[in-house]
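**Student:** got a predicted structure here, sequence first:
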Amino acid sequence: MNKKKIMSIFGTRPEAIKMAPVVKELEKSPEFESIVVITAQQREMLDQVLSVFKIKPDYDLDIMLPNQTLSQITSRVLEKLDPILAEERPDIILVHGDTTTSFVASLGAFYHQISIGHVEAGLRTWDKYAPYPEEMNRQMTDCLSDLYFAPTELSKKNLLASNIDEAKIIVTGNTVVDALSETTLHGFTHPVTKELKKDSKKILLTCHRRENFGEPMRNIFKAVVDMVETYEDIEVIYPVHPNPNVKKLAEEMFEKQERIHLVEPMDVIDFHNCMKESYFIMSDSGGIQEEAPSLGKPVLVLRDVTERPEGLETGILKLVGTNTQTILNAVKDLMEDTRYYKSLSTKGNPYGDGLASKRIAKALKEYGNK
Ligand code: UD1
Ligand code: UDP
């Protein structure tokens, strides 16, 4: 039997977490030859995920530079991927989401006239600079793709609005929900637990978006400091993103705060289980917005717009932006209005049902058979 050669290309932590269930599904089937290429746009954070899911890449482009620019990622990925695409000539490549790795890998495949499958296709804010550069990364990837794995009906609608042929779109659910079913089987055993007061409420914080660098991030961190000063029974756990723009400010603003615990990025098992134990989450992350509903945890989304509005409708996500007072008002609601808090936790996950990677594998089996 002629196997279909599927090359999955990814480079950052969230892509790896969300592509791991797909890679595992492809590996299970005798109909596929699965090849994994990592750009290592992120080094340590990506390696953490590969180790948790036991994925051994076939190619490692190893392109990360400290404080890298978008142009450096773009040129280095394009150049190093080129000979691999020429040599392997897969039947289709798979990319994920909206990172610069995803866009550039699609561009590289297009130059070789190789088909492209976009996992997590169709998310939109329709705002060129929010999030930056992700909104244009995903629009450009969608522009180049041949097969679209849209996580929700809304993302399908966005693709149709971009003039994509409906026959090329499959609504699959988000693969992160598939990943969660494995990671949350464990407990939260991270060393930071020893530093936390018994019976305190744990608030989990993450923050890394490029458009939040500088003043917006300073305003967010100021809200976190005020929050800790207002409520004596809370402790903040903050796995700090290694980007120097984030790390420096976090250390400067939280240095003297005993109840704000800065830790290294957690591996995904620790992180998901930390989410599970949190009272609520504050984050500008994309993936965390999709995971929290499965765990019934409210998220204050530290952004002005989101491409994941489905969770806003159920109330589990609340868009609070980066204004200090607006964030504090939302914290007050969660801390002081118990009835409101309880009403948020039981509404299910609008982003997926845990079967997305199976649907993707099925569509890939059928792709190009006619
Ligand atoms: C990237 C993605 C963003 C995604 C995020 C997930 C782009 C343009 N941005 O942003 O969409 O939400 O990843 O985390 O694709 N660093 C390390 N070690 C690591 C990772 C990062 O030291 O393991 C430092 C390096 O100095 C690196 C910098 O962080 O240059 C920025 O990393 P990069 O992947 O370019 O940008 P992110 O802001 O993480
Ligand atoms: N995550 C993790 N360890 C951490 C912080 C986050 O494993 O210390 C996971 C989180 O559960 C989610 C993903 O990383 O699956 C989100 O990554 P990130 O916020 O870096 O990127 P985004 O989703 O915003 O693109």
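**Tutor:** Looks like it came in fine. Ligands and ions are numbered 1, 2, ... in the order given.

**Student:** enumerate the residues of the stretch 51-200 of the chain near ligand 1.
**Tutor:** 64-68, 70, 73, 98-100, 133-134 (CB under 6 Å from any ligand atom). Glycine gets a C-beta too; all of them are placed from N, C-alpha and C.

**Student:** those, buried ones only, as a ChimeraX selection?
**Tutor:** The ChimeraX command for the buried members of these (criterion: 16 or more other CB atoms under 10 Å) is given here:
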select :64,73,98,99,100,133,134
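
**Student:** secondary structure and pLDDT for the residues of the stretch 51-200 of the chain next to ligand 1 - can I get that in a markdown table?
**Tutor:** As requested, these are exported to a markdown table (DSSP: H, G, I helix; E, B strand; the rest coil; pLDDT from 0 to 100):
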| residue | secondary structure | pLDDT |
| --- | --- | --- |
| 64 | coil | 98 |
| 65 | coil | 97 |
| 66 | coil | 95 |
| 67 | coil | 94 |
| 68 | coil | 97 |
| 70 | helix | 98 |
| 73 | helix | 98 |
| 98 | coil | 98 |
| 99 | coil | 98 |
| 100 | helix | 98 |
| 133 | coil | 97 |
| 134 | helix | 97 |
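
**Student:** now compare the residues of the stretch 51-200 of the chain next to ligand 1 and name the two farthest from each other.
**Tutor:** Farthest pair in those (CB to CB) is 66 and 98. Separation: 22.7 Å.

**Student:** now the element after the helix or strand of the chain with the lowest mean pLDDT, going C-ward?
**Tutor:** Taking mean pLDDT, DSSP states H and E as the measure, the helix or strand of the chain with the lowest value is helix 310-314, at a mean of 91. The first helix or strand that comes after helix 310-314 along the chain, using DSSP states H and E, is strand 317-319.

**Student:** list the contacts of the next helix or strand after that following strand.
**Tutor:** For strand 317-319, the succeeding helix or strand toward the C-terminus, using DSSP H and E, is helix 324-336. For helix 324-336, the surrounding residues in contact (CB atoms under 8 Å, 6 or more residues apart in numbering) are 201, 219-220, 222-223, 226-227, 230-231, 234, 279-280, 282, 298, 300, 302, 318, 320-321, 340-341.

**Student:** which of those fall in strands?
**Tutor:** Here DSSP state E is the test, and the contacts of helix 324-336 give 201, 234, 280, 282, 300, 318 as lying in strands.

**Student:** give the contact list for the last one.
**Tutor:** Spelled out, that is residue 318. 298-301, 312, 330 are the contacts of residue 318 under CB under 8 Å, 6+ apart.

**Student:** cool, the first one as well?
**Tutor:** By CB under 8 Å, 6+ apart, residue 201 lies in contact with 231, 233-235, 279, 335.

**Student:** identify the farthest-apart pair in these.
**Tutor:** Taking CB to CB, no two of those sit farther apart than 235 and 335, at 13.3 Å.

**Student:** circling back to that earlier point, in TSV, list the ones in strands among the contacts of helix 324-336 along with pLDDT and distance to residue 355.
**Tutor:** As requested, the ones in strands among the contacts of helix 324-336 are arranged in TSV below (pLDDT from 0 to 100; distance: CB to CB, whole Å):
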residue	pLDDT	distance to residue 355
201	97	34
234	97	36
280	98	28
282	98	30
300	98	29
318	97	28
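
**Student:** residue 7: which of those is nearest?
**Tutor:** Nearest member of these to residue 7, counting by CB to CB, is residue 282, at 36.9 Å.

**Student:** can you narrow the contacts of residue 201 to ones near ligand 2?
**Tutor:** Among those, ligand 2 is touched by none when using CB under 6 Å from any ligand atom.

**Student:** give me the below-cutoff pLDDT ranges for the stretch 251-370 of the chain.
**Tutor:** Counting by pLDDT under 70, the low-confidence segments of the stretch 251-370 of the chain come to 370.

**Student:** what parts of it come near ligand 2?
**Tutor:** Counting by CB under 6 Å from any ligand atom, the stretch 251-370 of the chain sits next to ligand 2 at 265-266, 268, 271-272, 285-288, 291.

**Student:** of the residues you listed, which is the most crowded?
**Tutor:** Compared across these, residue 291 has the highest neighbour count, 28 neighbours, by other CB atoms under 10 Å.
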